[in-house]
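K.L.:
got a sequence here, can you model it:
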Amino acid sequence: QVQLVESGGGLVQAGGSLRLSCAASGRIFSINAMGWYRQTPGNQRDLVALMTSTGRVNYADSVKGRFTISRDNANNTVYLRMNSLKPEDTAVYYCYAAVSTSYYTYLSDYWGKGTLVTVSS
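P.N.:
Numbers count the residues shown, from 1 in each chain. Reported below is the predicted structural model:
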């Protein structure tokens with residue numbers, strides 16, 4: 001019903017920058033929170049940054065001051081600008097959205113397939 005497609009991952013040297021994008025499509029009535037999580041092998045998926053439809057933002061402590069999340073609500077798109085990247089930022093980054101598919105339905109969680117970010121030292 002709802003698809004999230006990420007783009008923008010890749011290989012970058014430490015200190016470099018990348019911008020991730022995620023576009024939501026399909027049967028969308030409204031999107032509440034939209035943002036990014038990341039996961040490394042053998043570990044749980046952790047919050048990176050999340051933005052509500054009203055613009056309230058939550059960042060992981062490890063990325064505060066380096067990463068910036070933004071949204072284009074008209075186009076159901078969320079971005080993550082990542083600056084001053086560190087090797088420990090290496091992970092698969094997953095787009096997340098809390099979506100309602102109609103006036104009568106509650107919010108459901110949707111995930112993208114993930115995009116790999118590799119930061120070399």
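K.L.:
give me the element the spatially most central residue of the chain is part of.
P.N.:
The structure's the chain has its C-alpha centroid closest to W36; by C-alpha atoms, centre = their mean the separation is 2.3 Å. Using DSSP states H and E, the element containing W36 is strand 30-39.
K.L.:
which parts of that strand are buried?
P.N.:
Buried positions in strand 30-39, judged by neighbour count with 16 or more other C-beta atoms under 10 Å: I31, A33, M34, G35, W36, Y37, R38. C-betas here are computed from N, CA, C, even on glycine.
K.L.:
same check, this time on stretch 18-25
P.N.:
By neighbour count with 16+ other C-beta under 10 Å, stretch 18-25 contains the buried residues L18, L20, S21, C22, A23, A24.
K.L.:
E88: which of these is nearest?
P.N.:
Closest approach to E88 among those (C-beta to C-beta): L18, at 14.6 Å.
K.L.:
wouldn't that closest one be in contact with L85 here?
P.N.:
Yes - using C-beta atoms under 8 Å, L18 is in contact with L85, at 6.7 Å.
K.L.:
which residues do those two both contact?
P.N.:
V12, V117 (C-beta atoms under 8 Å, 6 or more residues apart in numbering).
K.L.:
check contacts around the residue lying farthest from the centre of the chain.
P.N.:
Centroid-distance maximum for the chain: Y104 at 26.4 Å, with C-alpha atoms, centre = their mean. Contacts for Y104 (C-beta under 8 Å, 6+ apart) come out as none.
K.L.:
host element of it?
P.N.:
Per DSSP H and E, there is no helix or strand for Y104.
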